[in-house]
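Peer 1: here are the coordinates; sequence isn't available:
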């Protein structure tokens, strides 16, 4: 089981999104955290550019960039796929 926490920057990014997208993102994070292993989630991919984060998952056209620290997902970026990798 995992838990997640937002950085202040990623929380601001989340709050700027549409309410419907916010709920989808929170539901996805809850789904990821309910599994015992991170690899049990097919939509999680390991990033090659560690400057922006270690992992990413997608929700439609939106992406969540995060690092894994012990059993905590530290959410670094939340946003549309065209903007999140910049």
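Peer 2: Happy to help now that I have it. Remember, predicted model here, so these are calculated numbers, not experimental data. Residues are numbered from 1 along each chain as shown.

Peer 1: Helix or strand next in line after the helix or strand of the chain with the lowest mean pLDDT, which one?
Peer 2: Between all helices and strands in the chain, the lowest mean by mean pLDDT, DSSP states H and E belongs to strand 45-46, at a mean of 89. If you walk from strand 45-46 toward the C-terminus, the next helix or strand you reach (DSSP states H and E) is strand 55-59.

Peer 1: What is the subsequent helix or strand relative to that following strand?
Peer 2: Sequence-wise, the next helix or strand downstream of strand 55-59 (DSSP H and E) is strand 62-69.

Peer 1: Please work out which residues outside that next one touch it.
Peer 2: 4, 17, 21, 24-25, 28-29, 38, 47, 52-58, 73-81, 84-85 (C-beta atoms under 8 Å, 6 or more residues apart in numbering). Glycine gets a C-beta too; all of them are placed from N, C-alpha and C.

Peer 1: What about these, which are in strands?
Peer 2: Among the contacts of strand 62-69, the members falling in strands are 4, 55-58, 73-80 (criterion: DSSP state E).

Peer 1: I'd like these written out as JSON lines, with pLDDT added.
Peer 2: Below are those laid out as JSON lines (pLDDT from 0 to 100):
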{"residue": "4", "pLDDT": "95"}
{"residue": "55", "pLDDT": "93"}
{"residue": "56", "pLDDT": "92"}
{"residue": "57", "pLDDT": "93"}
{"residue": "58", "pLDDT": "91"}
{"residue": "73", "pLDDT": "94"}
{"residue": "74", "pLDDT": "96"}
{"residue": "75", "pLDDT": "97"}
{"residue": "76", "pLDDT": "96"}
{"residue": "77", "pLDDT": "96"}
{"residue": "78", "pLDDT": "96"}
{"residue": "79", "pLDDT": "95"}
{"residue": "80", "pLDDT": "95"}
